[in-house]
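Colleague: Need the 3D shape of this:
(chains A, B and C)
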Amino acid sequence: MEYIALQLFNGLVNGSFYALLSLGLAVIFGVLRVVNFAHGALYMLGAFAAYLLLQDFGVGFWPALIVAPIGIGIAGMVLERLLIRRLYGLDPLYNFLLTFGLTLMIQDGVRLRYGLQGQPYPAPAELAGSVSAGLVAYPTYRLFVIAFSIVVCVAVWYVIERTRLGMIVRAATERPELTRALGINVDRWVTPVFGFGVALAALGGVLAAPMRNVSPLMGSELIIFAFAVVVIGGMGSIAGAVVAGFLVGVLASLAAVFNPALENVVAFALMAIVLLVRPAGLFGSLEARS
Amino acid sequence: MRRGLAILPYAVGLAVALALPRVMYPVLALDILVWGLFAMSVDLLLGYAGLLSFGHAAFWGLGAYAAAIVAKSAGVPFVIAALVGAGASALLAVPFGYLATRRRGIYFAMVTLAFAQLVFYVANEWRDLTGGENGLHGVPRTFPGLTLGRSGDFYYAALPLILLGYAIAYRIVHSPFGHVLVAIRDNEPRAQALGYPTWRYKLLAFVLSGGLAGLAGGLFALGNGFASLDLLHWTTSGQAVLITILGGIGTLWGSLLGAVIVLELRDALTSAPELSGVVTGAVFVVIVLAFRQGLWATGRAVLRRLGAPPLSARIEISEGEVRHGRS
Amino acid sequence: MKRTIAGSLVALLLAAACGGGPGGGPPAKLTDGKLVIAVINDQSGVYADLSGKNAVEAVNMAVEDFKAKYGENALGGKVEVLTADHQNKADVAQQKAQEFYERSNADLILDVPTSSAALAIADVAKAQQKLYINVTAATTVLTGKSCNKYTFHYAYDTYMLAQGTGVTVTQQGGKSWYIIYPNYAFGQDMESSFRQAVIAAGGTVIQSDGSPFPNTTGDFSSLLLKAGSLKPQVLGAMQAGGDLVNVVKQYNEFKLKDQNIKLAVGLLFDTDITALGQDALAGTVYTTPWLWNMDDQSKTFADKFLKRTGIRPTFAHAGNYSAAWQYMDAVRRAGSDDADAVVKQLEGYKFNDFFIRNGFVRAEDHWVQHDALIAQVKPKSEAKETFDYSKVVSTIAAEKASRPLAEAGCSMPK
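Modeller: As a prediction, this is how the structure comes out:
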């Protein structure tokens, strides 16, 4: 029983990463109508940025948690300005393919420099301990990841759903012409929003660095799970991305109690069920989206 | 005279196909033709139904595994094995298509990608059948009265089946069914209003496409003598899409040109491995940004400027880009 | 001038270390006037550092040293070294192998990590009737179900790893095991090999669990939690590469060591130690065919290799050097590069070189039997240089490290 309870925490940790990635995808899709395939690669860059900050500049985890997402976010804005912007008038598929190509380039570029094996990254000293939890000592760092991700997700949701800034962004998403007619400059928000979504992915990467192997391919499979999560939650829905992210994480971990092989399959099975029962996703509405 | 001219491109194509193993390594030549067929099956959906499948590796891989298993365990002639591969993939395409065609555009791409990944995991776990990470090796290829051990021989034995695959793709595109698909692609509500059960059309297109991908995958497994998990990986889907758009979306034959370039490129990169991902990625980026019409349309435009007759005067639906606006 | 003398001295030393008969004798007859050795391996993926381009360099060194010992024309013609990156893909490996054998007239294919690629090439070698010596793949299938007249397996396999680590750790008092393994062919192979070895050594396996492969999340916490609740004396991790790095990271994170759960690792490469940092693994016991710092003749090779490539050799680099050398020596003895004649020379051959100790090429399954090492990772404070990762704890005799023929399941076609 205790084991299952602790497994629940593991599920929440995995869910944190799904949620952060899907949240970024959803924010970007909401405003730009771009499905960013490179999201997994940018998550990886976040982890590498943390590693490099520590290795080359002696900058530790806490500053990296701020600096790396900002840096990668700015890189994302440059990407949007230089490349992604050129394809706005076309079918969104083209941006999907463009970002797929970028994924290959980013992953391979990093591999060329650092190899595939992965790099070491220690947990911050303050969180390196563990909390006694009966059977085992549960790592403090993992509890921090859960708490921190939830705070970030709630904050993003609050900004978008409850503030004036969020209102503008949402209005720009749903009624771009009307918003423009009201004298609000929609285009001004496009680049920062993309950068913000990318920063969320990079933030996930920094959080992952002390727990997971920092390697060029660390985001390459994760992105497909994030896609499944986004379809389950309802594309473009902020709350949907977060809830579905944690849901998939927890369900997959509980399934692993019965058979570890199920862990990989749960997300896709859930996606199939959602498509059958509620094609728009748990929190999505069909007419506004497809 | 006119009729002769219309046939000419096909005659040239056939002559090239027959001569190919003489000018390049036969295994590579066969790979080009089957990858071309695989990419055509992607194009059938993308170019004519406006559906980007990013999960076609599932059908290519399943076709390969099914053909390999049948050839190994039952020792049937390779033609039967390849057709079993096609059938298995078409069958799998029914439930996948049923679910995936519930969403359109970019969602469709994500859903197919996710389902293909599911197939990858299942194949990986089901080791008794698939050999897991080791794959299936020593797949025999037989045909009564023929010795097919050498790759050059198998190329010619498999050629009729490959050409049949091309012909089927061509027939689908140029049939009334194909025209309805294009109508759905361009304006689905309108097609619905005209009384077409558009969803059923898309599902049928998906199943046919899956079957063709399975045929290509089956022939690939027989030609190379093995089936492995790479065939099911999402990067394989990506490569098929790359070939399709490089050749030109909605051109069908462009897929063959795309296959020549991509496979030759891959072959060349085995001796400059450090660049493989960067180069492939860069090709993707450049094509999407600046070369969306693809090789086929570009080649045709050049020919036309030179005063040659059009290669195919039949239908010109897809010169431009797939445009749905912002979905 | 000084350098060349030193260089040739080293070459001579190495040549001497590689054994074989005295120099001279009539040069071999080569069917096409040259000997072609093709190295097919991973030059861009996870195994690129383990073998990769530097393995090709090792083979080039072997060719140069061989010529230095036996004379420029010892083999009766030019020796060419070709290479290709199989990108860890079985289809690419198979095609390159076929192309090398058919078009480039390759006489030998070497290295080939990744079991699916390794097995694919075994089929090609069999069909083309040309030699293939696998160095870096671990699968016992190469000398089992897939064995054939032209395929040899050189450096290590899962059986050796289990006999080494499994038996040693159990005998040292780690009686109860919880084994976790990646759920694919290699992992299962490892699991059953270790289970047998542990039980035979008087230990018990409380439980074993497969982890999903590929492990997309990089998360092994559920298995590690279970380890905490099962309280075994030993946690046997059969994961490889990036997965192993994650397991060790999380083993440390969950502080299982403090609960007296020892970590035993099935397969550990120098490249994994680089990725984790030496201290994260300090004290870990593992099995390896070779260490560059194990003795003087190995160090001699390692020094030369360092000069040439800037790194210390992994066992894969040394293994490729040694395998290329032994192949050329077999050609020399056979007086021909005819595959059947060379196979005849290799079968039953007993030899020693800086890499292989008490070597014996089994004719029945083509496993190259030799001593294996039990090694232990040193803490960084004990390391004398960057690549000084491990030390030898003990040696396992060649027969003990080799799978008994009765278990191999190879029916060698003649």
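Colleague: okay, stretch A:24-34 in CSV with CA atoms only?
Modeller: Output of stretch A:24-34 as CSV, limited to C-alpha atoms (Å, rounded to 0.1, in the frame of the first residue of the first chain):
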residue,chain,number,x,y,z
GLY,A,24,4.2,25.4,-23.4
LEU,A,25,2.8,23.7,-26.5
ALA,A,26,-0.7,24.8,-25.7
VAL,A,27,0.2,28.4,-25.1
ILE,A,28,2.1,28.5,-28.4
PHE,A,29,-0.6,26.8,-30.3
GLY,A,30,-3.3,29.0,-28.8
VAL,A,31,-1.8,32.2,-30.1
LEU,A,32,0.3,31.1,-33.1
ARG,A,33,-1.6,28.0,-34.3
VAL,A,34,1.8,26.4,-34.5
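Colleague: For that stretch, give me every contacting residue.
Modeller: Identification of contacts with stretch A:24-34 by C-beta atoms under 8 Å, 6 or more residues apart in numbering or on different chains yields A:35-36, A:39, A:80, A:84, A:88, A:92, A:95-96, A:99, A:156, A:160, A:169-170, A:172-173, A:189-190, A:193-194, A:196-201, A:204, A:226-227, A:230, A:233, A:235-238, A:240-241, B:326-327. Placement of C-beta: from N, CA and C, glycine included.
Colleague: How about stretch A:261-272?
Modeller: Surrounding stretch A:261-272, the residues in contact under the criterion C-beta under 8 Å, 6+ apart are A:225, A:228-229, A:231-232, A:247-248, A:251-253, A:255-256, B:99, B:111, B:114-115, B:117-118, B:121-122, B:125, C:183, C:210, C:212, C:216-217, C:222.
Colleague: One more: stretch C:356-365?
Modeller: The contact list for stretch C:356-365, computed with C-beta under 8 Å, 6+ apart, reads C:143-144, C:147, C:152, C:322, C:326, C:346-353, C:368-371, C:395, C:397-398, C:402, C:405, C:408, C:410, C:412.
Colleague: you'd agree C:Thr314 is up against C:Thr271?
Modeller: Yes - the pair C:Thr314 and C:Thr271 qualifies as a contact (C-beta atoms under 8 Å) at a distance of 7.1 Å.
Colleague: what sits in contact with each of these two?
Modeller: Overlap between the neighbourhoods of C:Thr314 and C:Thr271 consists of C:49-50, taking contacts as C-beta under 8 Å, 6+ apart.
Colleague: Of the contacts of stretch A:24-34, just the buried ones, ChimeraX syntax please.
Modeller: Selection of buried members from those for ChimeraX, criterion 16 or more other C-beta atoms under 10 Å in any protein chain shown:
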select /A:35,36,39,80,84,92,95,96,99,156,160,169,170,172,173,189,190,193,194,196,197,198,199,200,201,204,226,227,230,233,235,236,237,238,240,241
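Colleague: From the contacts of stretch A:24-34, which land in helices?
Modeller: A:39, A:80, A:92, A:95-96, A:99, A:156, A:160, A:169-170, A:172-173, A:189-190, A:193-194, A:196-201, A:204, A:226-227, A:230, A:233, A:238, A:240-241 (DSSP state H).
Colleague: which strands and helices sit next to the helix or strand hosting B:Ala240?
Modeller: In the assignment (DSSP states H and E), B:Ala240 maps to helix B:234-247. Here helix B:234-247 touches helix A:92-114, helix B:26-49, helix B:57-74, helix B:105-125, helix B:254-269, helix B:276-290, helix B:294-305, going by 3 or more C-beta pairs under 8 Å, 6 or more residues apart in numbering or on different chains; DSSP states H and E.
Colleague: Any part of the following helix or strand past the first one near chain C?
Modeller: Meaning helix A:92-114. Towards the C-terminus, the helix or strand next in line after helix A:92-114, according to DSSP H and E, is strand A:130-133. Yes - Strand A:130-133 reaches chain C (C-beta under 8 Å from any C-beta of the partner chain) through A:Ser130.
Colleague: Strand A:130-133: what's the following helix or strand?
Modeller: Later in the chain than strand A:130-133, the nearest helix or strand by DSSP H and E is strand A:136-139.
Colleague: name the helices or strands packed onto that next one?
Modeller: Using 3+ C-beta pairs under 8 Å, 6+ apart as the contact criterion, the elements in contact with strand A:136-139 are helix A:2-32, strand A:130-133, helix C:221-230.
Colleague: quick one, the last one and helix A:2-32 angle?
Modeller: If I follow you right, that is helix C:221-230. Our comparison of helix C:221-230 with helix A:2-32, counting by axes from the mean of the first three to the mean of the last three C-alpha atoms, to 10 degrees, yields an angle of 170 degrees.
Colleague: Run through the stretch 151-300 of chain C and note the low-pLDDT ranges.
Modeller: C:213-217 (pLDDT under 70).
Colleague: which residues are there in it that come within reach of chain A?
Modeller: Contact residues of the stretch 151-300 of chain C with respect to chain A, defined by C-beta under 8 Å from any C-beta, are listed as C:183, C:209-212, C:214, C:216-219, C:221-226, C:228-229, C:241-242, C:245-246, C:249-250, C:253-256, C:258-259, C:271-272, C:274-277, C:280.
Colleague: ranges for the helices of the stretch 301-414 of chain C?
Modeller: Secondary structure of the stretch 301-414 of chain C by DSSP state H, counting those that start in this stretch: the helices cover C:315-334, C:339-346, C:398-401, C:405-408.
Colleague: Burial-wise, tell me which of the ones you listed comes out on top.
Modeller: Of all the helices of the stretch 301-414 of chain C, helix C:315-334 has the most neighbours on average by mean count of other C-beta atoms under 10 Å in any protein chain shown, namely a mean of 26.
Colleague: Pull the number of nearby residues for B:Ala82.
Modeller: A count of neighbours around B:Ala82, defined by other C-beta atoms under 10 Å in any protein chain shown, yields 33.
Colleague: ok so, going back, need the helices and strands packed on helix B:234-247 in JSON lines with distance to A:Val274, can you?
Modeller: Supplementary listing: the helices and strands packed on helix B:234-247 in JSON lines, determined by distance: least, C-beta to C-beta, whole Å:
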{"stretch": "helix A:92-114", "distance to A:Val274": "21"}
{"stretch": "helix B:26-49", "distance to A:Val274": "23"}
{"stretch": "helix B:57-74", "distance to A:Val274": "19"}
{"stretch": "helix B:105-125", "distance to A:Val274": "10"}
{"stretch": "helix B:254-269", "distance to A:Val274": "33"}
{"stretch": "helix B:276-290", "distance to A:Val274": "30"}
{"stretch": "helix B:294-305", "distance to A:Val274": "35"}
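Colleague: Take the ones you listed and lay them out in CSV including mean pLDDT and distance to A:Asn14.
Modeller: Converted to CSV, the helices and strands packed on helix B:234-247 look like this (pLDDT from 0 to 100; distance: least, C-beta to C-beta, whole Å):
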stretch, mean pLDDT, distance to A:Asn14
helix A:92-114, 89, 22
helix B:26-49, 93, 33
helix B:57-74, 95, 25
helix B:105-125, 88, 16
helix B:254-269, 87, 35
helix B:276-290, 86, 27
helix B:294-305, 83, 41
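Colleague: will you turn those helices into CSV that also has distance to chain C?
Modeller: Compiled in CSV, the helices and strands packed on helix B:234-247 are given as follows (distance: least, C-beta to the nearest C-beta, whole Å):
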stretch, distance to chain C
helix A:92-114, 7
helix B:26-49, 5
helix B:57-74, 10
helix B:105-125, 6
helix B:254-269, 8
helix B:276-290, 6
helix B:294-305, 24
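Colleague: who wins for proximity to B:Val16 among those?
Modeller: Taking C-beta to C-beta as the measure, these were each checked against B:Val16, and helix B:254-269 came out nearest at 9.3 Å.
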